[in-house]
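In: Structure, please.
(one chain, ligands or ions: 1)
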Amino acid sequence: MSRSLPDLPNVEAALLQPAATADFRMVGRAAHAPRFLLLYGSLRERSYSRLLTLEAARLLSAMGGDVKIFDPRGLPLPDGEPETHPKVQELRQLAQWSEGMVWTSPERHGALSGIMKAQIDWIPLAAGALRPTQGKTLAVMEVSGGSQSFNAVNQMRILGRWMRMLTIPNQSSVAKAFQEFDEAGRMKPSAYYERVVDVMEELYKFTVLTRDVSPWLTDRYSERRESAGQLTLRVNQTAI
Ligand SMILES: Cc1cc2nc3c(=O)[nH]c(=O)nc-3n(C[C@H](O)[C@H](O)[C@H](O)COP(=O)(O)O)c2cc1C
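Out: Below is the predicted model:
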């Protein structure tokens, strides 16, 4: 049966094929433990965003994840040092290694902290063939000293979009964080803690579900068109 094609004069129809012909039966399932990088945005000695990150790490490990936490101490401000700086290299290698991330920021003056933002700013969207964040999963959490607020998680959702990450629907915001941890630094049982468990479970599931198809998810028509254009240009140059 013949099918009339929609009229798309400005679309290169051949370049739409990768989306149309995806066959998920061909996708192999990775067997290794899902890899998570956890970032937090504070340098305080008793930092609740770090303690919350440690709780998230315990949960993801218990579910079967391979978890690494980046220590932001010593990371220079963006562009303050060359990108060969060892802390920058460490952060970028961890980002590249990971399949999912957790970003936990304190709320400072109604925003995410500068320390949190500096880490994100040091991670390139693409470096040659490497795409340290694109198509990877992300969970966002915040701690605050006042009443419950969502400013930092909302801003980190925007940043996740900018980094082309799959930010999961659930999130955590721990208000009056100074009341939520015991002397040993462990989070007390509460609805906030239950929420963190839910968020980590959801992140784990989304990561396992999407990591094998991540290159396909991030493959874009406009980029295929751009590289096809570059190819035509090179062919023309050769012909000249
Ligand atoms: C400069 C500064 C600004 C802050 N701004 C806010 C704020 O806007 N809203 C809020 O609820 N708490 C605010 N706080 C409290 C912090 O969110 C709280 O102390 C949090 O635990 C800090 O994170 P950390 O423990 O990981 O360092 C602020 C604290 C500082 C030092």
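
In: residues in contact with the residue minimising distance to the centre of the chain?
Out: Nearest to the mean C-alpha position of the chain, by CA atoms, centre = their mean, lies Leu138 at 3.9 Å. Each residue near Leu138 by CB atoms under 8 Å, 6 or more residues apart in numbering is listed here: Gly100, Met101, Val102, Trp103, Gly160, Met163, Met165, Leu166, Thr167, Ile168, Leu203. C-beta here means a position set from N, CA and C on the backbone, and glycine is covered the same way.

In: which among those residues gets closest to Thr53?
Out: In terms of CB to CB, no member of the contacts of Leu138 lies closer to Thr53 than Val102, at 6.9 Å.

In: right, and the closest one touches Leu39 too?
Out: Yes: using CB atoms under 8 Å, Val102 is in contact with Leu39, at 7.2 Å.

In: the more surrounded of the two?
Out: More crowded of Val102 and Leu39, by other CB atoms under 10 Å: Val102, with 28 against 25.

In: Check the gap between that one and Met63 for me.
Out: Val102 sits at a distance of 13 Å from Met63 (criterion: CB to CB, to the nearest Å).

In: Residues that sit against both of the two, list them.
Out: Common neighbours of Val102 and Met63 (CB under 8 Å, 6+ apart) are Met200.

In: In contact with Val153, which residues?
Out: Val153 makes contact with Val140, Met141, Glu142, Gln171, Ser172, Ser173 under the criterion CB under 8 Å, 6+ apart.

In: By neighbours, which of the residues you listed wins?
Out: Glu142 (31 neighbours).

In: For that one, report the pLDDT, please.
Out: What the model reports as pLDDT for Glu142 is 98.

In: what's around the residue nearest to it when sequence neighbours are not counted, how many residues?
Out: Leaving out its chain neighbours, the residue that sits closest to Glu142 by CB to CB, 6 or more residues apart in numbering is Ala152, at 3.9 Å. By other CB under 10 Å, 27 other residues sit near Ala152.

In: if I look at Ala152, how far off is the ligand?
Out: Separation of Ala152 from the ligand (CB to the nearest ligand atom, to the nearest Å) stands at 8 Å.

In: State the helix or strand in which that residue lies.
Out: Assigned by DSSP states H and E, Ala152 falls within helix 151-162.

In: buried stuff in that helix?
Out: Along helix 151-162, these residues count as buried under the neighbour rule (16 or more other CB atoms under 10 Å): Asn151, Ala152, Val153, Gln155, Met156, Arg157, Leu159, Gly160.

In: hmm, back to that, separation between the residue nearest to Glu142 and Val174?
Out: Look at Ala152 and Val174: by CB to CB, they are 11 Å apart.

In: between the two, what contacts are shared?
Out: The contact sets of Ala152 and Val174 overlap at Glu142, Ser144 (CB under 8 Å, 6+ apart).

In: quick one: which helix or strand includes Arg46?
Out: Arg46 belongs to no helix or strand, assigned by DSSP H and E.

In: Now pLDDT, distance to the ligand and secondary structure too, for the contacts of Leu138, in JSON lines please.
Out: Shown next, in JSON lines, are the contacts of Leu138 (pLDDT from 0 to 100; distance: CB to the nearest ligand atom, whole Å; DSSP: H, G, I helix; E, B strand; the rest coil):
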{"residue": "Gly100", "pLDDT": "98", "distance to the ligand": "22", "secondary structure": "strand"}
{"residue": "Met101", "pLDDT": "98", "distance to the ligand": "18", "secondary structure": "strand"}
{"residue": "Val102", "pLDDT": "98", "distance to the ligand": "14", "secondary structure": "strand"}
{"residue": "Trp103", "pLDDT": "98", "distance to the ligand": "13", "secondary structure": "strand"}
{"residue": "Gly160", "pLDDT": "98", "distance to the ligand": "20", "secondary structure": "helix"}
{"residue": "Met163", "pLDDT": "96", "distance to the ligand": "22", "secondary structure": "coil"}
{"residue": "Met165", "pLDDT": "97", "distance to the ligand": "22", "secondary structure": "coil"}
{"residue": "Leu166", "pLDDT": "97", "distance to the ligand": "25", "secondary structure": "strand"}
{"residue": "Thr167", "pLDDT": "98", "distance to the ligand": "21", "secondary structure": "strand"}
{"residue": "Ile168", "pLDDT": "98", "distance to the ligand": "22", "secondary structure": "coil"}
{"residue": "Leu203", "pLDDT": "98", "distance to the ligand": "20", "secondary structure": "helix"}
